[in-house]
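1. no FASTA, just this:
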């Protein structure tokens, strides 16, 4: 253990034992360095670690404080059944997808980013100005060199050294996940996943005739490595599928050291990791968190991502960094849908190259963090006192856990009639668990409209509860 | 058997026995009606049938003539090994795909349509004028209603009554085929295919862990029903995959009655048909030939198509009419790549709605037929006397069969150095057969350039042949 890790553990203990309360000022860097006989940079590193865990907040020019986030109301750690199961819930997912196009009311079920941001203008201008002739032909199977080059530049921010030829462009992250699953598994294999987990990836597991092994997951630090190791001992798990950075639906970011531990675990059991980083660029932390892929020295991590959350989903521009599975991934990508359209690839590549993308995600990061805090306030004001809610470290979605006796499938029906939509919990479980949970979107800037929707939600819940 | 079928058989016999020679004028409709005691429309129907089989040609205002096509030099009927086999040849396919972007020289290997046609202008204008905001969001899982409505209108021309809700939009025909294969099979299943067969569909068979059973195929009338029936008796074949209209790579269109027989055969063995109709709209026949789907009364035919050949491949707009497999197909489409981009769907829907598409394919049909005849002339002039060549009934690709001792894999290498590309035969076989064959594209209007390329090809072949 390094010096800073040691120090971080001690500080964490002090906070957790209540020596420092939420909002308290913590000792200065200089003071701690003297006290523990370590360097200034060691203390800074320890604080950075605790900041990542959201235990500590830095305030410019005044030092470090214990986060005021009230952790008592976080959702509990999940406890899914510890055996591989077939994924169900397709009907429920389809129902939700089918009402996507409804525009009346307040639809908080979609994981849709804010697409009205002014920082998107250069891209939109370019998408409309594009010479359509360029887009008529097939391109390289792996996608355009222009975009792959820009992606390899972007990857540096997440700690990765990727050559453009180590990337394959896909039709969004959904195709990336689907291709990766098929590249590393045989039908009947078991995939370990977080619980709750994104319904799109679970349905891809179902479609590839795989079984899902849901692993207990902590609402702040992600998949439990202890539970995962137990599962790896008990079952012939072929791959681990995780969304460790700004998780969907919970919003947590797994701490960096835990990411590295997960990678080591995969190494020691010689299995593959499929890492979904689709929300990574809109982490509230800057510079953005490292990916598990950044620790990958033997090519066992397949990183999947797209611009669907950081820019817009309709463009369908995603990618895979397939590591040692490059040839298999290229084959499956080709047979799945041939090459991807060129026009959006070129527009996005230019957007990145000229700095528009960096500017846009900075804008989004600040905006979404503000929206998160306002949604948390509205939840506190209008939903029942015993409501638990996740505290996203990025993205624009959060997870709400109600009292056990509230059925979100019934709730969603009643709310739909009042023009309020959300994504009910069972969609995020292989077997329909989380009936008392749901996911909310907070990407839109229309705070009043969203607050009114939360108020309605609170009223419907109150009507459903027995007196 | 109907009256017209009876008459068609007699006329066919007369032509095949040589009573009428190529170029000969055939009896007038009135004359035949009198002779056989049938109605005018019966004779017309019989002639229409023979026209479809390319035995007979109608010349405006002068009557019917025996086609001058010299059938002696058609490729021989294929004789693939009659057992299910795993598909190989991915390396060879990838090699060809990777050199796609080369623009120097004459690249005749791609199945790319003519994208410089003036009749595409309204679409291009619209693609560039599109309000990009519309394209940012997700759409309906099945694709936009606008496009599905237009597709159901188009389907009438191929004899189909399809409701917009019976269609699923895909990312090109490749995704359509891949989704359908996965919807109707389990890993290890056997799929019967034509031989030669399109490499993209064979690679999809490989990626879905299926085995291919290549069936002997006639260069004029398609898959041998006799051979197929034998195979169905011997092997547990799960589905038949065919491209019966303007086949890739051979260009033939299976006669309508044979299409219906194929459907009945599938019915009696209770198996599924996946029908690739990607070239159907650019058949040289007008109105265009019926699909097998048009005979489908119990939903066992999954029709796959796209605008990649009739408009341009880079747009990636394809579709499936999945029959009874609609739910499974919708699920697999969703997990494969989520929804398709909206912008190209809307542009194409408008192009169809305003009549631009009908005008464009009429233009293409006339143009490609002309190009075909010029390429056939060039082949006759510059390739060895014993060269056999298919006679496409539509599309812009044809199949060349050289003497047995010419290796097209070596030929393609030598020609590449001289700036001439084509698609070597082994790509179109599961096991690398057709080494003495290759596929040529004739979509481009630059005849001189193509003729020079065929001349070069002839020279290289001559150098390869032992004296």
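-> Yep, that arrived. Quick caveat: nothing in here was measured; it's all calculated off a predicted structure.
2. Report whether residue A:8 is found in a helix, as I expect.
-> Yes: the assignment for residue A:8 by DSSP: H, G, I helix; E, B strand; the rest coil puts it in a helix.
3. Number of residues surrounding it?
-> Counted with other Cβ atoms under 10 Å in any protein chain shown, residues neighbouring residue A:8 total 26. C-beta here means a position set from N, CA and C on the backbone, and glycine is covered the same way.
4. How many neighbouring residues does residue A:152 have?
-> 18.
5. check which helix or strand covers it.
-> Using DSSP states H and E, residue A:152 sits within helix A:145-155.
6. which other residues reach that helix?
-> The contact list for helix A:145-155, computed with Cβ atoms under 8 Å, 6 or more residues apart in numbering or on different chains, reads A:142, A:161-167, A:169, A:281, A:317, A:319, A:321, A:345-346, A:348-350, A:352-353, A:357.
7. Now that helix: buried residues?
-> Residues of helix A:145-155 classed as buried: A:146, A:147, A:148, A:150, A:151, A:152, A:154, A:155 (neighbour count, 16 or more other Cβ atoms under 10 Å in any protein chain shown).
8. again, but for stretch A:164-173
-> Buried residues in stretch A:164-173, counted by 16+ other Cβ under 10 Å: A:164, A:166, A:167, A:168, A:169, A:170, A:171, A:172, A:173.
9. mind listing which of the residues you listed are in strands?
-> A:168, A:169, A:170 (DSSP state E).
10. for those, which one is nearest residue A:74?
-> residue A:170 (34.0 Å; Cβ to Cβ).
11. Residue A:58 looks like it's in a strand, true?
-> Yes: if the criterion is three-state DSSP, then residue A:58 is within a strand.
12. What's the separation between the closest residue in space to it that isn't next to it in sequence and residue A:202?
-> Nearest in space to residue A:58, with sequence neighbours left out and distances taken as Cβ to Cβ, 6 or more residues apart in numbering or on different chains, is residue A:64 at 5.5 Å. Distance of residue A:64 to residue A:202, given as Cβ to Cβ, to the nearest Å: 39 Å.
13. At which residues are the helices of the stretch 1-150 of chain A located?
-> A:3-16, A:29-36, A:40-52, A:90-98, A:121-129, A:145-155 (DSSP state H, counting those that start in this stretch).
14. The third one - contacts with which helices or strands?
-> Read it as helix A:40-52. helix A:3-16, helix A:29-36, strand A:56-59, helix A:256-268 (3 or more Cβ pairs under 8 Å, 6 or more residues apart in numbering or on different chains; DSSP states H and E).
15. which secondary structure elements does the first one contact?
-> Which is helix A:3-16. So helix A:3-16, by 3+ Cβ pairs under 8 Å, 6+ apart, packs with helix A:40-52.
16. With the third one instead?
-> In terms of contact count using 3+ Cβ pairs under 8 Å, 6+ apart, strand A:56-59 is assigned the packing partners helix A:40-52, strand A:63-66.
17. Pass me the low-pLDDT residue ranges in chain A, would you?
-> Along chain A, segments meeting pLDDT under 70 span A:69-72, A:100-103, A:129-132, A:466-467.
18. Map the structural domains onto the sequence of it.
-> A:3-68, A:121-355 (automatic domain parsing).
19. next helix or strand past the strand or helix carrying residue A:346?
-> Taking DSSP H and E as the definition, residue A:346 sits inside helix A:342-353. Next along the chain after helix A:342-353, taking DSSP H and E as the criterion, comes helix A:356-382.
20. Contact residues of the stretch 251-400 of chain A facing chain B?
-> Proximity of the stretch 251-400 of chain A to chain B is confined to A:312-316, A:330-332, A:334-344 under the rule Cβ under 8 Å from any Cβ of the partner chain.
21. Which of these fall within helices?
-> A:330, A:331, A:332, A:334, A:335, A:336, A:337, A:342, A:343, A:344 (DSSP state H).
22. Among these, the buried ones, what's the PyMOL command?
-> Buried residues among those (16+ other Cβ under 10 Å), as a PyMOL selection:
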select buried, chain A and resi 330+331+332+334+335+336+337+342+343+344
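23. any idea how far residue A:120 is from residue B:269?
-> 55 Å.
24. what separates stretch A:264-275 from the chain centre, distance-wise?
-> Distance of stretch A:264-275 from the chain centroid (Cα atoms, centre = their mean, to the nearest Å) equals 20 Å.
25. mind checking the end-to-end distance for it?
-> 14 Å (Cα to Cα, to the nearest Å).
26. quick one: the helices in the stretch 201-350 of chain A?
-> Going by DSSP H, counting those that start in this stretch, the stretch 201-350 of chain A shows helices at A:225-234, A:256-268, A:326-337, A:342-353.
27. Tell me which other helices or strands the first one touches.
-> Read that as helix A:225-234. Partner elements for helix A:225-234 (3+ Cβ pairs under 8 Å, 6+ apart): strand A:190-194, strand A:211-215, helix A:256-268.
28. what does the second one give?
-> Counting by 3+ Cβ pairs under 8 Å, 6+ apart, the packing neighbours recorded for helix A:256-268 are helix A:40-52, helix A:225-234, strand A:237-242, strand A:272-276.
29. Leaving out chain neighbours, which residue sits closest to residue A:407?
-> residue A:435 (5.3 Å).
30. In this structure the one you found contacts residue A:409, no?
-> Yes: using Cβ atoms under 8 Å, residue A:435 is in contact with residue A:409, at 6.5 Å.
31. Which residue of these two possesses the greater neighbour count?
-> More crowded of residue A:435 and residue A:409, by other Cβ under 10 Å: residue A:435, with 19 against 14.
32. re the thing from before, and the helices and strands packed on helix A:256-268, which is most packed in?
-> The highest mean neighbour count among the helices and strands packed on helix A:256-268, using mean count of other Cβ atoms under 10 Å in any protein chain shown, belongs to strand A:272-276: a mean of 26.
33. So which other helices or strands are in contact with that one?
-> Looks like strand A:272-276 contacts helix A:172-184, strand A:237-242, helix A:256-268, strand A:301-306 (3+ Cβ pairs under 8 Å, 6+ apart).
34. Need the residues that contact that strand.
-> A:173, A:177, A:180-181, A:184, A:198, A:201, A:238-244, A:248, A:262-263, A:266, A:291-293, A:300-305, A:325.
35. Return the set of buried residues in stretch A:85-96.
-> Residues A:87, A:88, A:89, A:90, A:92, A:93, A:96 are the ones in stretch A:85-96 that count as buried (16+ other Cβ under 10 Å).
36. And for stretch A:51-64?
-> A:52, A:53, A:54, A:55, A:56, A:57, A:64.
37. Now do the contacts for the first one.
-> To tie it back to what came earlier, the one meant is residue A:52. A:253, A:255, A:256, A:285, A:289, A:393.
38. switch the cut-off to 10 Å
-> A:8, A:221, A:253, A:254, A:255, A:256, A:257, A:283, A:285, A:289, A:393 (Cβ atoms under 10 Å, 6 or more residues apart in numbering or on different chains).
39. now do the last one
-> Residues counted as contacts of residue A:64 (Cβ under 10 Å, 6+ apart) are A:11, A:20, A:24-29, A:32, A:43-44, A:47, A:50-51, A:55-58.
40. now the ones in strands among the buried residues of stretch A:164-173 in JSON lines, with distance to chain B?
-> Formatted as JSON lines, those follow (distance: Cβ to the nearest Cβ, whole Å):
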{"residue": "A:168", "distance to chain B": "12"}
{"residue": "A:169", "distance to chain B": "12"}
{"residue": "A:170", "distance to chain B": "8"}
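41. got the residues you listed as TSV, with distance to residue B:385 columns?
-> Output for those, formatted as TSV (distance: Cβ to Cβ, whole Å):
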residue	distance to residue B:385
A:168	46
A:169	47
A:170	49
